[in-house]
Structure formats: C-alpha cells, structure tokens
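Novice: My questions concern the predicted model and sequence given below.
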Amino acid sequence: MPRPRRRNPGDFRSRRGETVRIPHPEVALEGPPAARSGRLAVRRLHHSGPRPLRVLLLGDRAVVGDPGPRHAETLADRLVDRLWLTLRRGVDLDVLTDLTPVLRAVRGAFDAWRLWRYDAVVIALPAEPGALKHVRLRHHLSELLDEVLADAAGTASLVLASPVPRSRHAAKPFPVEELLGAAPSDRIVACPVLEADDARAWAAAVAERLAPLLPAPDRAPAPDSAAALRDRPDDEAERQRALDALGIVESAPDPRFDDLVELARTAFGAQSAEINFLDRDRQWKMAVAGAERGEQPRSTSFCNLTIQSAEPTVIEDARLHPLLRLAPAVRGPRAVRFYAAYPIESADGYRVGSLCIYDSEPRAAEAVNLDVLRDLALLAQAELTGVDTGPIDSPLTSSGAGGTMGR
C-alpha cells in the first residue's frame, strides 16, 4: 500500500491561512464587546486507536505549545501520546490558546463552542502567573470554571494543571486550592506539575490525573455523558454554516483527496470509495474512486445517515436496512449492498461530510477495521480544515502498512 505523505495542517491551501478562529473560522467570539474582541486559535490533534475520547486543552501558548505546525516537545503533543499510552484508546485533543484573552472575555466566551462534546477539559495555568496575579483576573478564572461546568457534559471532569515552584524563592504559583475552595465541585480536580519547563512532566501528570476520571470504554454511555450528547444530530443551520465557511463545495477536483479515496478503496478491498459533503438538500461528491463524480438527493443518501452520529456507520446489507432498502442506489444496476463510513468534521466540530467505502456484496461489520476508517477520515479532515493533524501512529502512516484493512 502506498504510504501517504504526512502533512502539517498548514500545507492545506486554505482561504483563511493556518489559524482558524472560533466559533467559526474568521468569526469573533460571541458575547459582550470584550468577548467579541478576543479570538482563540485552535489546533486539533488526533491519535489513532479504538473508541476515541475527546478532550479540550486550554492554556497559554507558552504552556500548551504553538498552534501552528507540530512541535514534538509541546504539552499538546505529549499529552495526546500520553493519553494513548495510558488508556490505549484513540484520542481527539482540541487545543485552544491563549488563556488570558479567555479570562478577559469569559462571559459567553464558550457559548458557541459546545463544551458538552468533551469527555474532559484541561486548563493549564502558566508557570509564571504574570497578569493572573491580578485579583480581577483571578475572579475571571473562577467565572471560567462556572462557565465550563455549566456547559460541559454532566459526567465531564475539569482538570486544573498548575506548576509547583521548585524552591521558596520561585514565583508564587496560582492558588488553585483556594480557587477550588471558593467553587467546590467534585468534577474539578487539581493537578500539580513538578517540572514546569518539561512538556513530558506536564503530560504525565495530567494523563495520570485524568485517566481514572474518563469513562470506561466497555460501559454504555450515560444519557448526560459527552459520548451520548455528541452522538446527537448537529443543529442543521449551524452545520450548514460550517460547511459554507469551508468553501469546499463545487471546488475543482483535488489530487490529495483523490489519492485518499483510492487508498481507502484499495485498503479495504472495496469496489468504490468517496469523500462526500452534505450540502442543503444534496450530497456532493468531492472525490471518488471506482464510481462517477456528481451529486444526488440528500434524502436517499447513505452519507446523510453517517453525519447524524459521531460514531462510524456500517451497513452490512443495504437491502435489509429499513431506511435504505428502497433507495435507488440499492436497486440500480450496480446496487450498493455494503457501506461503511466515518464523519468528517469542520474545525469547530460540525459533521459536514464523510469518507465512505461501499461494495455490491454484503460484508460483516466485524470485517471492517473501524480504526483505519477513522484514520482515513482524519487524513481528509486534516487537508480540509488546516487545523487538524493527521492521525498519530496510524498504520496508514507507518512503513509496514499494506494489504487489506480487516481486523
């Protein structure tokens, strides 16, 4: 199997450049004037693996790392690796910088960011508090905790990581324990970091503190858990706005995406593979291998089912599916029987499309390596958004990858 070239997010020829702002690219934070003037840079890291967790890391750029191209020694990069090593699960880590603008514009800062999507939120406090010493900003941090807890999933935990001074002459750390005492909650936990200038020490401390708080992969998610909440359909108006902001629909064929669908088709031994986007009442095919380009009504689209959930979609035999068995694609001359897909997200987490494979012969779900399917979708997502990295430690980017991707 050909090995795709790993790209930095900035390789994408984006109309916006490398930095995307929330809640949507090039849109300021909603809220009062102070909030509207503040903007956050987002970077999204992904680790290959099953049953992925979603974690938000918020902190000053000096602590969490530059939101541009990947640097091996940043807290963000180390944390995504450490969580994988600790939990042996896939990881989706969203990184927001900087902390200080958030504190200055805390009221309504996260109204559009949908914190309920995250299994956990980590706030990394700076080693040198600087402006955080100011009583007013300390109050803002307390307000930030209230905002996060109000919008986060009912089972989500909030970790406050704070460096511990090496000596009594060092700068006084931020008073985390005092803050926790003022806003008591069993969902907020302190995480002391002994080596403030070592990204590995930060990552190890946070992962160790976070691991027992995260949901177990073998348990059904609670109704108020992040896993259950993000599995709901997106608000359609917001989802469409996110797709429109990407400016991708009706664009010219792109060899990067064409190569990805050909890789997917070959890897899974399927007749066809596609990258599709759901645009209002139609499905638009951006890249196709083994079939023809074009569009089709969204009402009969397989991929329309895929974007209704955060989980992968596998249809073993479409002729037995209650919603698709009468669809034209299932009854035509090249009838689709087997279908598998994984959603593709915008930079702010809306499911705008999917990467799918399909075949005219039924196939058991157990024969599909869903981890690899996710990795392929993440590679497409990285090219699309400019803020996502490709999946770390994926078999698709290892020298030994080859053959059909089954379990």
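Specialist: Arrived safely.

Novice: Tell me the buried residues in stretch 289-305?
Specialist: Neighbour counts over stretch 289-305 (16 or more other Cβ atoms under 10 Å) mark Ala289, Gly290, Ala291, Gln296, Arg298, Ser301, Phe302, Cys303, Asn304, Leu305 as buried. Where C-beta positions appear, they are placed from N, C-alpha and C, glycine not excepted.

Novice: any idea how far the most centrally placed residue in the chain is from Ser346?
Specialist: Geometric centre of the chain, nearest residue: Asp92, 4.7 Å, by Cα atoms, centre = their mean. As for Asp92, its distance to Ser346 is 14 Å (criterion: Cβ to Cβ, to the nearest Å).

Novice: Ok, Ala222 next?
Specialist: 27 Å.

Novice: out of these two, which sits in the busier spot?
Specialist: Each of Ala222 and Ser346 has its neighbours counted (other Cβ atoms under 10 Å); Ser346 has more, 27 against 14.

Novice: Test my guess that the more buried one contacts Leu246.
Specialist: Yes - the pair Ser346 and Leu246 passes the contact test of Cβ atoms under 8 Å, sitting 6.2 Å apart.

Novice: Identify the contacts common to the two.
Specialist: By the contact definition Cβ atoms under 8 Å, 6 or more residues apart in numbering, Ser346 and Leu246 are jointly contacted by Val352, Thr385.

Novice: Any regions of the chain where pLDDT drops low?
Specialist: 1-40, 66-72, 98-111, 127-138, 165-184, 397-407 (pLDDT under 70).

Novice: what about the strands in the stretch 101-250 of the chain?
Specialist: Along the stretch 101-250 of the chain, counting by DSSP state E, counting those that start in this stretch, strands occupy 120-124, 157-163, 188-193.

Novice: Single out the most deeply packed of those strands.
Specialist: strand 120-124 (a mean of 27; mean count of other Cβ atoms under 10 Å).

Novice: in its sheet, what does that strand sit against?
Specialist: strand 53-59 (parallel), strand 157-163 (parallel) (DSSP bridges).

Novice: could you check the angle strand 188-193 makes with the last one?
Specialist: This points to strand 157-163. 30 degrees (axes from the mean of the first three to the mean of the last three Cα atoms, to 10 degrees).

Novice: Could you do the first one as well?
Specialist: Going by the same axes, to 10 degrees, strand 53-59 is angled at 70 degrees with respect to strand 188-193.

Novice: C-terminal to strand 53-59, what's the next element?
Specialist: helix 61-64 (DSSP states H and E).

Novice: The closest residue to Ala152 other than its chain neighbours: neighbour count?
Specialist: Closest residue in space to Ala152, ignoring its immediate chain neighbours: Leu115 at 4.7 Å, by Cβ to Cβ, 6 or more residues apart in numbering. Residues within reach of Leu115, counting by other Cβ under 10 Å, total 19.

Novice: same deal with Asp281?
Specialist: Neighbour tally, Asp281, other Cβ under 10 Å: 8.

Novice: That one and Arg298 touch, don't they?
Specialist: Yes - with contact defined as Cβ under 8 Å, Asp281 and Arg298 form a contacting pair (5.2 Å).

Novice: how close does the residue nearest to Ala152 get to Leu96?
Specialist: In terms of Cβ to Cβ, Leu115 sits 11 Å off from Leu96.

Novice: Common neighbours of the two, please.
Specialist: Leu56.

Novice: can you tell me how far Gln283 sits from Asp259?
Specialist: Gln283 is 21 Å from Asp259, by Cβ to Cβ.

Novice: And for Val387?
Specialist: In terms of Cβ to Cβ, Val387 sits 21 Å off from Asp259.

Novice: From the neighbour counts alone, determine which of those two ranks first.
Specialist: Val387 (28 against 17).

Novice: Tabulate the strands of the stretch 101-250 of the chain (JSON lines), appending distance to Ala341.
Specialist: Conversion of the strands of the stretch 101-250 of the chain to JSON lines gives the following (distance: least, Cβ to Cβ, whole Å):
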{"stretch": "strand 120-124", "distance to Ala341": "27"}
{"stretch": "strand 157-163", "distance to Ala341": "31"}
{"stretch": "strand 188-193", "distance to Ala341": "37"}
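
Novice: Could you say which helix or strand holds Val42?
Specialist: Using DSSP H and E, Val42 falls in strand 41-47.

Novice: Show me what that strand packs onto, helices and strands only.
Specialist: helix 75-87, strand 91-97 (3 or more Cβ pairs under 8 Å, 6 or more residues apart in numbering; DSSP states H and E).

Novice: would a markdown table of the ones you listed with distance to Tyr342 be doable?
Specialist: Formatted as a markdown table, those follow (distance: least, Cβ to Cβ, whole Å):
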| stretch | distance to Tyr342 |
| --- | --- |
| helix 75-87 | 19 |
| strand 91-97 | 12 |
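
Novice: looking at those, which is buried most?
Specialist: strand 91-97 (a mean of 25).

Novice: and it, how far out from the chain's middle?
Specialist: 7 Å (Cα atoms, centre = their mean, to the nearest Å).

Novice: CA atoms only for that strand, dumped as CSV, please.
Specialist: Output of strand 91-97 as CSV, limited to C-alpha atoms (Å, rounded to 0.1, in the frame of the first residue of the first chain):
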residue,chain,number,x,y,z
VAL,A,91,-7.7,10.5,21.3
ASP,A,92,-9.1,13.7,19.8
LEU,A,93,-7.4,16.6,21.5
ASP,A,94,-8.6,20.1,20.8
VAL,A,95,-6.2,22.8,21.9
LEU,A,96,-7.3,26.4,22.4
THR,A,97,-4.9,29.3,23.0
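
Novice: Parallel or antiparallel, which strands does that strand pair with?
Specialist: strand 41-47 (antiparallel), strand 53-59 (parallel).
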